[in-house]
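Asker: Mind folding the following:
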Amino acid sequence: MTFTKADIIKKLQNKFPSSKFDSVLVIQKLLEIIKRTLESGEDVLISGFGKFCVKKKEERRGRNPSTGEDMILKARRVVTFKCSGKLREKVNN
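Answerer: Okay, here's the model as predicted:
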């Protein structure tokens, strides 16, 4: 089962007495800040949770899986996530 943005909003409403509108606004603004920061090439570190990093991928040779045809994959940026040690411990316990 996947934990969605709507689930986060419900949990936020349960923890803090606020309207659904306020909860939605807080989550949307938080995610927008994270997106804008990553778009600018900066990393996002959330202590006790993990780090979102933007990494550059160089142009490389690849293969179309459906046709088997060789192709060149363009250079691009990707977002990676590395969880914190605290989160890793909680997930593994």
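
Asker: so after the least confident helix or strand in the chain by mean pLDDT, what's the next helix or strand?
Answerer: In the chain, the helix or strand scored least confidently by mean pLDDT, DSSP states H and E is helix 5-15, which has a mean of 91. Remark: after helix 5-15, the chain's next helix or strand is helix 20-39, criterion DSSP states H and E.

Asker: Please point out which parts of that following helix sit buried.
Answerer: Across helix 20-39, burial judged by 16 or more other Cβ atoms under 10 Å covers Ser23, Val24, Leu38. (Glycine included, C-beta is placed from N, CA and C.)

Asker: of those, closest to Lys57?
Answerer: Nearest to Lys57, judged by Cβ to Cβ, of those is Leu38 at 14.9 Å.

Asker: Quickly list the domain ranges of the chain.
Answerer: Segmentation of the chain into domains, based on automatic domain parsing, reads 1-40, 43-93.

Asker: how much space between Glu89 and Thr80?
Answerer: 20 Å (Cβ to Cβ, to the nearest Å).

Asker: picking up where we left off before, export the buried residues of helix 20-39 to a markdown table and tack on distance to Arg61 and pLDDT?
Answerer: Shown next, in a markdown table, are the buried residues of helix 20-39 (distance: Cβ to Cβ, whole Å; pLDDT from 0 to 100):
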| residue | distance to Arg61 | pLDDT |
| --- | --- | --- |
| Ser23 | 47 | 90 |
| Val24 | 44 | 93 |
| Leu38 | 27 | 97 |
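
Asker: Tabulate those residues (CSV), appending distance to Gly48.
Answerer: Shown next, in CSV, are the buried residues of helix 20-39 (distance: Cβ to Cβ, whole Å):
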residue, distance to Gly48
Ser23, 22
Val24, 24
Leu38, 19
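
Asker: Nice, that's everything, thank you.
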